[in-house]
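Colleague: Provided below for reference: sequence and predicted model.
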Amino acid sequence: MRSTGALALLGALAHSSLAASESLPRGVGPEFVKFYENKTTFTCISNPSITLKASQVNNNSCDCPDGSDEPGTAACSNIDPLSPEQPLPGSVTGTTNTTVALPGFWCANAGHIGSYIPFMYVNDGVCDYELCCDGSDENAHAGGVKCENRCAAIGKEYRRLEEQRRQSKERSAKKKRTLVKEARELRRRVEARIEGLRKEVEGLEIKKGELQAKFEEVERSERGKVVKSDGQGGKLGVLLGLAKTRVAELRNALDKVLDQRDDLQDRLDQLEDILSKLKEEYNPNFNDEGVKAAVKGWEDYAAGQSNEKKSDLEDSDVMQILKEDGETAGINWAEFETDDSSDLDVVYNWEAYLPPSVRDYVHEKLNSLRVWAIQNGILADNPTSTGESRLVTAAREALDAAKNEHSVKTGKLEEEQRDLEKDYGPDDIFRALKGKCITNDAGEYDYELCWFDRTTQKSKKGAHGNTNMGGFVRIDQEFVDEEDRPDGKGLGKGQRMVLRYENGQGCWNGPNRRTDVYLACAETDEIWRTVEAEKCVYRMEVGTPAACEDIQEPGVGGKDEL
Ligand code: MAN
């Protein structure tokens, strides 16, 4: 057996009965049959001016410049297009300026698949079963080598494997179709949620407007209620307000009366002074009747004064009353003001015992009920300790709740809209995988890939923990060209999707970790291998049905239905 290399260039051609014809020279491939059918002469394919005798074909001597007279020997192998240094058939060789006519020695491989092998492998004493399972390449038995025809067994095994591959492809394609369906359903759900949220947000905008108007109206009407503006409610509140005002009025009046009294006392003292001086200094020898009567009157008055009883009200008592703090006037008003608990508060406070999940809902419902009941006179309004009427509080809370709900729902709506616009790959397929994780064991570490989320390096040595190798950012396309692997777990050749995961944990003295996840078709999601291509830059090769080609579903559309 030989290594592939140049052999890989060979295109496997369909088996042709023509090529197997006994009448043709050995090694002629099906597409060249027409050049060899004339039995008497042979004309060089690319040099029609040169005609040879039929016996010169396959006589082990290279007579045509294009090598076409030796389709079944290695005589012209120096211009073999299948040898690595040689040009392809139909092209002009650089050195000899000749055109290569044949692609190689044709092995018909009856029972398997016919193919060309390089002329230099013909009769070289090695059985090239990989490409020439019928052993026809060693027809001269050089060195006594005889290659048996193994095409039956090789063909059978090949067909078995081909069938396996076909079935696997079909299963992969089926899984992919399932993923596409799931993705479609997930997208539909996102769209439905967006629709629902849009309506909710619209409704909440209206509700917000209504509650805003209601709040403003309640606030306005509450401001107009004088009795309630002192921060107290109910009958006691009214009484308290009245009593405070009345006491203040009386204190003011008493204060004024005392001032007036002191004023009059001054004037009385002055008059008494004048009269007592008149009594002392008047001349009794002047017989002035008026003066005599005044002195007599004064004497009577002075005698009466000394017998008069003093008032019960001591100045010090009055002063004590006036000295009290103007606000309280000796009464502990606060005792009445701060005790604002009522039966209603018990009702208001029981909400605190509800689980948080239902509390907001119940609160909002109760609030609207309360507002309605207060507005309709069923429930008494009962101001809070902050002095705001319960009606205003309830209206404010209802408005705040609606604002809050509106902003939460708007946020959710925007999030869903962003998600809908995100690139989830062809047919949105990665929607169906998002969030799911797969892991592979790679010696020192386990590597985890969470689709559209993050990649993680998990140290098996307990102390080192997990290392973030990057968060998902986008899908790219890259052309890859890799040798096929016997187990099929490889990227192969072609355009492949690459998921970029970036901005992982910082690398010591280096960049943040990142991962390139290369995808190829496989029946199940599996990390085939993870390598650290350069420090902290990881490359994962991953198989997934999501990267498979579409195959027509058997029995759906196409010729099957005709
Ligand atoms: C850890 C691992 C390695 C990485 C080094 C860089 O050991 O994450 O993959 O190369 O850190 O310091």
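Modeller: Alright, I've got the coordinates.
Colleague: can you map out the helices along the stretch 51-200 of the chain?
Modeller: 151-223 (DSSP state H, counting those that start in this stretch).
Colleague: quick one, domains of this structure?
Modeller: 1-149, 234-284+292-301+317-337, 433-547 (automatic domain parsing).
Colleague: so which of these comes closest to the ligand?
Modeller: domain 433-547 (4.3 Å; CB to the nearest ligand atom). (Each C-beta comes from the backbone N, C-alpha and C, glycine too.)
Colleague: any idea of the mean pLDDT for the closest one?
Modeller: In this model, domain 433-547 has a mean pLDDT of 95.
Colleague: now the end-to-end length of it.
Modeller: 12 Å (CA to CA, to the nearest Å).
Colleague: coming back round to it: need the domains of the chain in CSV with mean neighbour count, can you?
Modeller: Shown next, in CSV, are those (neighbours: other CB atoms under 10 Å):
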stretch, mean neighbour count
domain 1-149, 18
domain 234-284+292-301+317-337, 12
domain 433-547, 16
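Colleague: in CSV: those domains, plus distance to V358.
Modeller: Below are the domains of the chain laid out as CSV (distance: least, CB to CB, whole Å):
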stretch, distance to V358
domain 1-149, 70
domain 234-284+292-301+317-337, 31
domain 433-547, 29
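Colleague: to L420, which of the ones you listed lies closest?
Modeller: Nearest of those to L420, taken as CB to CB: domain 433-547 at 13.1 Å.
Colleague: looking at V318 now. What's its pLDDT?
Modeller: Confidence for V318, expressed as pLDDT, is 71.
Colleague: pretty sure it belongs to a strand, no?
Modeller: No: counting by DSSP: H, G, I helix; E, B strand; the rest coil, V318 is located in no strand; its state is helix.
Colleague: that one and T456: what is the separation?
Modeller: 88 Å (CB to CB, to the nearest Å).
Colleague: now the spatially most distant residue from the centre of the chain: which helix or strand?
Modeller: Relative to the C-alpha centroid of the chain, counting by CA atoms, centre = their mean, N285 is the outermost residue, at 125.0 Å. Assigned by DSSP states H and E, N285 falls within no helix or strand.
Colleague: after the one helix or strand A533 maps to, next one along is what?
Modeller: Using DSSP H and E, A533 falls within strand 526-534. Once strand 526-534 ends, the next helix or strand along the chain (criterion: DSSP H and E) is strand 537-544.
Colleague: so is that next one next to the ligand?
Modeller: No: Strand 537-544 lies out of reach of the ligand by CB under 6 Å from any ligand atom, never closer than 7.5 Å.
Colleague: grab the longest strand from the chain for me.
Modeller: Once the chain is assigned using DSSP state E, the strand that runs over the most residues is strand 466-481.
Colleague: check what contacts whichever helix or strand comes after that one and list those residues.
Modeller: Per DSSP H and E, the first helix or strand lying C-terminal to strand 466-481 is strand 493-502. Identification of contacts with strand 493-502 by CB atoms under 8 Å, 6 or more residues apart in numbering yields 425, 451-452, 454-455, 469-482, 512, 514-520, 547.
Colleague: which residues of this structure lie near the ligand?
Modeller: Q457, T467, C507, W508, E532, K535, C536.
Colleague: ok, for the fifth one, nearest residue in space, not its chain neighbours?
Modeller: Going back to what we said before, that points to E532. Distances taken as CB to CB, 6 or more residues apart in numbering put Y538 closest to E532, at 5.5 Å, once the chain neighbours are dropped.
Colleague: do the second one as well
Modeller: The spatially closest residue to T467, leaving aside those adjacent along the chain, is Q457, at 4.3 Å (CB to CB, 6+ apart).
Colleague: need the contact list for the one you found.
Modeller: Y445, D446, Y447, N466, T467, M469, R513, Y538.
Colleague: N60 contacts G72, correct?
Modeller: No: N60 is not in contact with G72 according to CB atoms under 8 Å; the separation is 9.4 Å.
Colleague: helices along the stretch 301-450 of the chain, start to end?
Modeller: Counting by DSSP H, counting those that start in this stretch, the helices of the stretch 301-450 of the chain are 315-323, 333-338, 343-349, 356-375, 390-421.
Colleague: model confidence for R370, exactly?
Modeller: pLDDT for R370: 70.
Colleague: how near is E185 to K199?
Modeller: 21 Å.
Colleague: cool, I113 as well?
Modeller: 62 Å.
Colleague: I'd like the mean pLDDT over stretch 147-165, please.
Modeller: According to the model, stretch 147-165 has a mean pLDDT of 95.
Colleague: other residues contacting it?
Modeller: Identification of contacts with stretch 147-165 by CB under 8 Å, 6+ apart yields 109-113, 127, 129, 132-138, 488.
Colleague: repeat that for stretch 128-140.
Modeller: 1-2, 4, 7, 10, 26-27, 72, 105, 107-112, 115-117, 121-127, 145-151, 154-155.
Colleague: equivalent analysis for stretch 415-428, please.
Modeller: 180, 183-184, 186-187, 190-191, 193-194, 197, 430-431, 434, 452, 474-475, 497, 546.
Colleague: great, nothing more from me.
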